[in-house]
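K.L.:
sequence first, predicted model second:
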Amino acid sequence: MCGRYATARARQELLDEFQVQLDAVENDLQPDYNVAPTKQVPAILTRVPRDAGDRAAGGAEAGGGAPPEGAEAEAEAVRQLRTLRWGLVPSWAKDLSIGSRMINARMETVHEKASFRRAFAKRRCLLPADGYFEWYTLQDQGGEEPADPAEKQKKGKKKPQKQPFFIHPKDGGLMAMAGLYELWKNPETGEWVWTCTVITTDAPDDLGRIHDRMPMIVEADRWDAWLDPALTDTEQVRGLLVPAMSGTMDAYPVSKAVNSVRNNGPELIKPSANGDSPGGHSDTLF
């Protein structure tokens, strides 16, 4: 799964990189080096602005109405920069809490699952990231096995230690993670909430030693098609998703400070001087 990542590019860099036509982010877009579920995250999507309100908070949805019949056919979809709550909440959900269990969608089944299939057909997005975190389970390094059965049982109950790794493109480029978004209406307040999920896939062999899954990355030459809401053919959409090739990503151990969502800052993605890694290396893994 992908449960933490870093997104630290400047607002203008995102607008330029993704050729955004509408900046719909109202507040300042701050770097986040420890993105966790339920946080607001930057996202790129292509959508028809329904009215002036849509530029800030969901348009016709925010006002509780629907666009006039045929309006979407007449209007042109535009590429937008928005912030979305991480953890997709389907339109039929009773409350927001379900989103914490829907931070990821598996590429292999995303087109079939009731929670994701409608969004996969026409509400796709890109989630910019500098890299993501995964935790490698360290082998037992406790020395000799204790002779006392009670001590042995006590040792067996200890949770295995995990070492966080930061995984990012080797060329230092921006990751455009494949995502889906949904709009959910709070039944109590009438407020429309924009939410999203990250699509995951099998990790290549060189990353599989840390974790067997990774975010699906959409290459730049496929951004237009991926974001196109008019492309609704499931098989064509699935054909846009190609797992990362071995050797394209770099990984290294980082400070365990990233374990706490309260910690944030560029120091979280710096190599850890005393990090433990598979194979006994303490610097970069690859």
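P.N.:
Noted; the coordinates are in hand.
K.L.:
the nearest residue to E108 once chain neighbours are set aside: how many residues sit nearby?
P.N.:
Of all residues not flanking E108 in the chain, T201 sits nearest, at 7.9 Å (Cβ to Cβ, 6 or more residues apart in numbering). C-beta: built from backbone N, CA, C; applies to glycine. T201 has 18 neighbouring residues, counting by other Cβ atoms under 10 Å.
K.L.:
hmm, T201 is touching R213, no?
P.N.:
Yes - at 7.0 Å, T201 counts as touching R213 under the criterion of Cβ atoms under 8 Å.
K.L.:
gap between the residue nearest to E108 and P243?
P.N.:
For T201, the distance to P243 equals 5 Å [Cβ to Cβ, to the nearest Å].
K.L.:
shared neighbours, the two?
P.N.:
M107, M216 (Cβ atoms under 8 Å, 6 or more residues apart in numbering).
K.L.:
A helix includes W226, no?
P.N.:
Yes - with DSSP: H, G, I helix; E, B strand; the rest coil as the criterion, W226 is located in a helix.
K.L.:
quick one: contacts for it?
P.N.:
W226 touches R124, L126, A178, V218, V237, L240, counting by Cβ under 8 Å, 6+ apart.
K.L.:
ok, now K270?
P.N.:
So K270 contacts V254, S255 (Cβ under 8 Å, 6+ apart).
K.L.:
same thing but at 7 Å, please
P.N.:
Contacts for K270 (Cβ atoms under 7 Å, 6 or more residues apart in numbering) come out as V254.
K.L.:
can you redo the contacts of W226 as CSV with distance to D95 and neighbour count?
P.N.:
Listed next are these as CSV, based on distance: Cβ to Cβ, whole Å; neighbours: other Cβ atoms under 10 Å:
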residue, distance to D95, neighbour count
R124, 25, 25
L126, 27, 25
A178, 26, 26
V218, 31, 24
V237, 29, 20
L240, 33, 18
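K.L.:
before we move on, the earlier item: secondary structure class for the residue nearest to E108?
P.N.:
When classified by three-state DSSP, T201 comes out as strand.
K.L.:
quick check: it touching M214?
P.N.:
Yes - applying Cβ atoms under 7 Å as the test, T201 and M214 come out as touching, 6.5 Å apart.
K.L.:
what is the end-to-end distance of stretch 221-229?
P.N.:
Using Cα to Cα, to the nearest Å, one end of stretch 221-229 lies 17 Å from the other.
K.L.:
can you check stretch 213-226 too?
P.N.:
Stretch 213-226 has its terminal residues 21 Å apart, counting by Cα to Cα.
K.L.:
ok, and for that stretch, which residues are buried?
P.N.:
R213, M214, P215, M216, I217, V218, W223, W226 (16 or more other Cβ atoms under 10 Å).
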